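Peer 1: Curious how this folds, go ahead:
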Amino acid sequence: MNRKWSAIGCVSPGNAARTAIACLIAFSALAQRNFYQEAIEKYQSKQYEQALPLAEAALGEDRNNPAYSHLYGSILAALGQFYLAEEYLGKAVALAPEQPTLAFDLGALLHQERKYLEAVPVLKRAVELDPANLTARLMLARSYVLSYNQLQIPDFERLTLEQLNYIVKKDPRFPGVHHHLALVYINTGELAKAIVELNTELRYDRANAQARLELGETLLKLNQYHQAADELQVAARQAPQMPDIQFALAKAYRADGQTARALAAARKCVELDPRFAAGHYLLGQIYRDADQAELARQQFELFRQLDKSGTPSR
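Peer 2: Purely as a prediction, here's the structure:
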């Protein structure tokens, strides 16, 4: 019987001491474990799923540490959990309002989510804290323009140009800055200035098909049909799946009297995007120009159906 008792859990004093020491070592190792550093390493290697519980453990140790909230929010953003990411990045900013990186990352997330109205004050603060952050300035310029309908700032164009011109002064080759300047000038009707900026953008980035599309459309507005078509042909080769390029190309060919080429481009446009209402309307116009009344009627009917459903006409 004594042997039975000893067999079911009685530990000798020596074994008990060794077990206690092992437990203390384990607890000490756990206490010394740097969850924050481990989470950073996982985050930097893009192992976001593994980084999240580590960052959460770090946050559990100190919820008033802005670096912990910032890292946790950054990981949530990388995982696409934007609502929670906003919450924790916002907490980090509240805990350390003078830290420019924290304000920038929150503003960048809002900009990414197209919450431009909310992004404006956050990005303004990021720029105030770090005037050399050119990416923040570009995002702020975009947010001014894209939130105009909500903000109704009367001098939003001046504010936008202020940011973009600062970027050009500091780094004339900054990606996209001349393209964005051109968009402002297109909006204000200063087409000659827009062309200068678009040509500059393409000199630095010849593969920018969107900028080349804007250049083609601007040349079209200035009735420079041949040059517009030339630019749009290059854009079509660079981005063969963009229906907007084919749409602009069809307009250029039609304006230049090249009906066959206009038809081909317009057909390609609606093949790429069958719900492109304006594309169907343009194709109908070209068919009408070519005396193909029935085909024109069919395209106009498709336009009416799509336009009625609220599809953007572009």
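Peer 1: Am I right that Cys204 is in contact with Val177?
Peer 2: Just to correct that, residue 204 is Tyr rather than Cys. No - the pair Tyr204 / Val177 is not scored as a contact, 9.3 Å apart, by CB atoms under 8 Å. Heads up, the C-betas are built off the backbone N, CA and C, glycines and all.
Peer 1: The two - which one has more neighbours?
Peer 2: Using other CB atoms under 10 Å, the more surrounded residue of Tyr204 and Val177 is Val177, with 26 against 16.
Peer 1: need the contact list for that one.
Peer 2: Residues near Val177 by CB atoms under 8 Å, 6 or more residues apart in numbering: 138, 164, 167-168, 171, 201.
Peer 1: would you list those in CSV and tack on distance to Leu59 and neighbour count?
Peer 2: Output for the contacts of Val177, formatted as CSV (distance: CB to CB, whole Å; neighbours: other CB atoms under 10 Å):
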residue, distance to Leu59, neighbour count
Leu138, 31, 21
Leu164, 38, 27
Ile167, 36, 20
Val168, 41, 16
Asp171, 37, 11
Glu201, 43, 25
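Peer 1: Among those, name the ones in strands.
Peer 2: Applying DSSP state E to those, no entry is found in strands.
Peer 1: Run a quick neighbour tally on Lys42.
Peer 2: 19.
Peer 1: Next, the contact list for Gln238, please.
Peer 2: 207, 209, 212.
Peer 1: Quick one: buried ones out of those?
Peer 2: Neighbour counting by 16 or more other CB atoms under 10 Å classes 209, 212 among the contacts of Gln238 as buried.
Peer 1: What separation is there between the most centrally placed residue in the chain and Pro121?
Peer 2: In the chain, the C-alpha nearest the mean C-alpha coordinate belongs to Gln112, at 4.5 Å (CA atoms, centre = their mean). Gln112 is 16 Å from Pro121, where distance means CB to CB, to the nearest Å.
Peer 1: now swap in His178 and tell me
Peer 2: Per CB to CB, His178 is found 27 Å from Pro121.
Peer 1: More neighbours: the two, which one.
Peer 2: His178 (27 against 14).
Peer 1: re the thing from before, name the residues contacting each of Tyr204 and Val177.
Peer 2: Common neighbours of Tyr204 and Val177 (CB under 8 Å, 6+ apart) do not exist.
Peer 1: so what pLDDT did the residue nearest to the centre of the chain get?
Peer 2: Gln112 is assigned 96 on the pLDDT scale.
Peer 1: Now it. Its backbone dihedrals?
Peer 2: When read as degrees, to the nearest 10, the backbone of Gln112 gives phi -60, psi -40.
Peer 1: and the gap between it and Leu219?
Peer 2: 32 Å.
Peer 1: List the contacts of stretch 202-209.
Peer 2: Here stretch 202-209 has contacts from 173, 175-176, 178-179, 201, 211-212, 215, 235, 238-239, 242, 245, using CB under 8 Å, 6+ apart.
Peer 1: Contacts only, for Glu87.
Peer 2: Contacts of Glu87 by CB under 8 Å, 6+ apart are Gly73.
Peer 1: can you tell me which of the contacts of Gln238 lies nearest to Gln150?
Peer 2: Ala209 (29.9 Å; CB to CB).
Peer 1: what's the pLDDT at that closest one?
Peer 2: Reported pLDDT for Ala209: 96.
Peer 1: And it, how far from Gly279?
Peer 2: 18 Å.
Peer 1: Also Ala136?
Peer 2: From Ala136 to Gly279 the distance is 37 Å (CB to CB).
Peer 1: Looking at the two, which has the bigger crowd around it?
Peer 2: Gly279 (30 against 26).
Peer 1: Find the helix or strand that that one is a member of.
Peer 2: Using DSSP states H and E, Gly279 maps to helix 277-289.
Peer 1: what helices or strands is that helix leaning on?
Peer 2: Secondary-structure packing of helix 277-289 (3 or more CB pairs under 8 Å, 6 or more residues apart in numbering; DSSP states H and E): helix 243-255, helix 259-272, helix 293-308.
Peer 1: quick one: buried residues of that helix?
Peer 2: Going by 16+ other CB under 10 Å, helix 277-289 has these buried residues: 277-287.
Peer 1: hang on, the earlier thing: mark which of the contacts of stretch 202-209 are part of helices, please.
Peer 2: 178-179, 201, 211-212, 215, 235, 238, 245 (DSSP state H).
Peer 1: Throw those into JSON lines and include distance to Asp155, thanks.
Peer 2: Shown next, in JSON lines, are the ones in helices among the contacts of stretch 202-209 (distance: CB to CB, whole Å):
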{"residue": "His178", "distance to Asp155": "22"}
{"residue": "His179", "distance to Asp155": "22"}
{"residue": "Glu201", "distance to Asp155": "25"}
{"residue": "Ala211", "distance to Asp155": "26"}
{"residue": "Arg212", "distance to Asp155": "30"}
{"residue": "Leu215", "distance to Asp155": "27"}
{"residue": "Ala235", "distance to Asp155": "33"}
{"residue": "Gln238", "distance to Asp155": "36"}
{"residue": "Ile245", "distance to Asp155": "33"}
